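Colleague: Kindly generate the corresponding structure for this input.
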Amino acid sequence: MQLQGIRVVDLSRIVSGPFCSMFLADMGAEVIKIEGVDDGDPVRHQGILRQGFSLYFASFNRNKRSLTLDLRSAEGKEVLRRLIATADVVLDNFRPGVMEKIGLSRAELERIKPDLVSCHITGFGMDGPYSDRPSFDFIAQAMSGFMSVNGAEGEAPARAAPPLSDLIAGAYAAMGVCAALVRRERTGRGEEVAVALTDAMIANLAFLATHTFATGEQPRRTGNDHALVAPYGLFEAADVDVAIAPSNDQVYYKLLDALGLAHLRTHPEFLTNRDRFERRGAINALVNAEIRKRPIAHWLDVLNAAGVPCGRVMSPPEVFDDPQVRHQQMKITIDHPDHGPLDVLGFPIKFSDEPCRVHRPPPDLGADTDAILNELGYDAAQIASLRARRVA
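Modeller: Predicted coordinates for the structure are as follows:
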């Protein structure tokens, strides 16, 4: 596995940090998830439960070990420090200042393990005027500009349904950790990696940011239409809508040929993308008039054969029943020894030689506490004492 031999101490919870550490665990890192003694990660108690186990938690916490610690106690902090001394990476998604409060400033982490990589996921950044504000995905979507450009013109700003800022920030954090580990291999020095939810969303504004840089203006919301290209979006087949994405002139010409509209190639009002964009309603109406004549199955065959990107708008149940999605194994089933089969999302990164795999089910709270304490040198009597006093 790509990260075999790397130990990650994961102090994070909810989504962004666990998503990051799951990526690292899927690629072979040993991830030790630190959780509170009583309730653990709040996501353990959210979403649909199967035999008392949260499928939401399972989606972000496979391939990890769970160690429970009371980090308000001196002994709990000492256990954590001993564990960090054996680690390569420490990950948290606390607000700035919390790590310092539990005695784990960057300077202290370097004293414990000089070549340690530390990674922090925050709402707004490690410093700056908003750094001490609380934040969740909804706030990051709002304050990044994302919501203001999402949705249809004339309608209210819209959030994306999945927790995009958590997922994007978690993926960026995993990338940052991997880059820092490569640097450590080259220089022998550790690194501090920081990713903010709001920054992660801003970094994905793409051409919408470019519009603002060039004009100083707010981009218009375009709904399912593209902000730069026409025709492009959802069109009405005889039965259901079909998504069609002719992203340049060459693909546009292929679309026209497939629809029997080749004469529009030389139509003076639609010669260039700018012409079509300025008359989007008119070109969309001409395309729709042809698309409405046949059901979607016909158009999926014809347009794909012509090299025009297109697809059905699918619901999640349809997605996971789709033959390509099944082939890509984007739904996998984990056999949990205590909770039975758990369906979770598959691995988006495919490696040819050493593919990602599930080597541990999502852990029950504190399932690995005794084993990890023993690895750190605690004997049976000491472990029993820590357990009895709810330190671990």
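Colleague: now Gly97, nearest residue through space, not along the chain?
Modeller: The shortest distance from Gly97 to any residue other than its chain neighbours is 7.0 Å, reached at Asp132 (CB to CB, 6 or more residues apart in numbering). Just so you know, the C-beta spots here come from the backbone N, C-alpha and C atoms, and that holds for glycine as well.
Colleague: mind listing the helices in the stretch 151-300 of the chain by residue range?
Modeller: Secondary structure of the stretch 151-300 of the chain (DSSP state H, counting those that start in this stretch): helices located at 164-187, 197-202, 207-215, 249-259, 273-278, 280-291, 296-306.
Colleague: what about the second one, average pLDDT?
Modeller: The pLDDT scores in helix 197-202 average 98.
Colleague: what's the pLDDT at Gly36?
Modeller: Per-residue confidence at Gly36 stands at 96 (pLDDT).
Colleague: How many neighbouring residues does it have?
Modeller: When counting by other CB atoms under 10 Å, one arrives at 17 neighbours for Gly36.
Colleague: how much space between it and Ser66?
Modeller: Applying CB to CB, to the nearest Å, one obtains 11 Å for the distance of Gly36 from Ser66.
Colleague: Over to Pro341?
Modeller: Applying CB to CB to Pro341 and Ser66 gives a distance of 20 Å.
Colleague: Comparing the two, which residue is more hemmed in?
Modeller: Residue environment comparison for Pro341 versus Ser66 gives the larger neighbour count to Ser66, 24 against 9, counting by other CB under 10 Å.
Colleague: For stretch 221-239, buried residues please.
Modeller: Of the residues in stretch 221-239, those buried by neighbour count under the rule 16 or more other CB atoms under 10 Å are 221-222, 225-227, 229-235, 237.
Colleague: ok, so of the residues you listed, who is nearest Met175?
Modeller: Distance to Met175 across these (CB to CB) is lowest for Ala227, with 26.8 Å.
Colleague: correct me, but Ala140 touches Leu167?
Modeller: No. Judged on CB atoms under 8 Å, Ala140 makes no contact with Leu167 at a distance of 11.0 Å.
Colleague: Between these two, which is the more surrounded one?
Modeller: It is Ala140, of Ala140 and Leu167, that has more neighbours when counted by other CB under 10 Å, with 28 against 19.
Colleague: Neighbours of Asn284, how many?
Modeller: Per other CB under 10 Å, the neighbour tally for Asn284 reads 19.
Colleague: Pull stretch 118-138 out as PDB, backbone CA atoms only.
Modeller: As requested, the backbone C-alpha atoms of stretch 118-138 are provided in PDB (Å, rounded to 0.1, in the frame of the first residue of the first chain):
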ATOM      1  CA  SER A 118       0.700  18.200  11.600                       C
ATOM      2  CA  CYS A 119      -2.400  19.100   9.700                       C
ATOM      3  CA  HIS A 120      -5.200  21.400  10.800                       C
ATOM      4  CA  ILE A 121      -8.600  21.800   9.100                       C
ATOM      5  CA  THR A 122     -10.400  25.000  10.200                       C
ATOM      6  CA  GLY A 123     -13.400  27.000   9.200                       C
ATOM      7  CA  PHE A 124     -11.500  30.200   8.100                       C
ATOM      8  CA  GLY A 125      -7.800  29.700   8.600                       C
ATOM      9  CA  MET A 126      -5.300  29.500  11.400                       C
ATOM     10  CA  ASP A 127      -5.100  33.300  11.800                       C
ATOM     11  CA  GLY A 128      -6.900  36.400  10.500                       C
ATOM     12  CA  PRO A 129     -10.000  38.300  11.700                       C
ATOM     13  CA  TYR A 130     -12.400  35.400  11.400                       C
ATOM     14  CA  SER A 131     -10.000  32.600  12.600                       C
ATOM     15  CA  ASP A 132     -11.700  32.200  16.000                       C
ATOM     16  CA  ARG A 133     -15.300  31.900  14.500                       C
ATOM     17  CA  PRO A 134     -17.100  28.600  14.600                       C
ATOM     18  CA  SER A 135     -18.000  27.300  11.200                       C
ATOM     19  CA  PHE A 136     -19.700  24.400   9.400                       C
ATOM     20  CA  ASP A 137     -20.200  23.500   5.800                       C
ATOM     21  CA  PHE A 138     -23.300  25.600   5.400                       C
END
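Colleague: Contacts only, for Ile332.
Modeller: Asp343, Val344, Leu345, Gly346, Phe347, Val358 (CB atoms under 8 Å, 6 or more residues apart in numbering).
Colleague: brain fart, Met1
Modeller: The contact partners of Met1, by CB under 8 Å, 6+ apart, come to Met27, Gly28, Glu354, Cys356.
Colleague: hang on, the earlier thing: could you export the contacts of Ile332 to CSV, including columns for neighbour count, distance to Phe136 and pLDDT?
Modeller: Converted to CSV, the contacts of Ile332 look like this (neighbours: other CB atoms under 10 Å; distance: CB to CB, whole Å; pLDDT from 0 to 100):
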residue, neighbour count, distance to Phe136, pLDDT
Asp343, 13, 26, 94
Val344, 19, 23, 95
Leu345, 15, 21, 96
Gly346, 17, 26, 97
Phe347, 18, 26, 97
Val358, 18, 28, 96
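Colleague: Next secondary structure element downstream of the lowest-mean-pLDDT helix or strand in the chain?
Modeller: Ranked by mean pLDDT, DSSP states H and E, the helix or strand of the chain with the weakest confidence is strand 49-50, at a mean of 88. Helices and strands here follow DSSP states H and E; after strand 49-50, the next one along the chain is strand 53-54.
Colleague: tell me what that following strand is packed against?
Modeller: Identification of packing neighbours for strand 53-54 by 3 or more CB pairs under 8 Å, 6 or more residues apart in numbering; DSSP states H and E yields no helix or strand.
Colleague: Thank you kindly, that will do.
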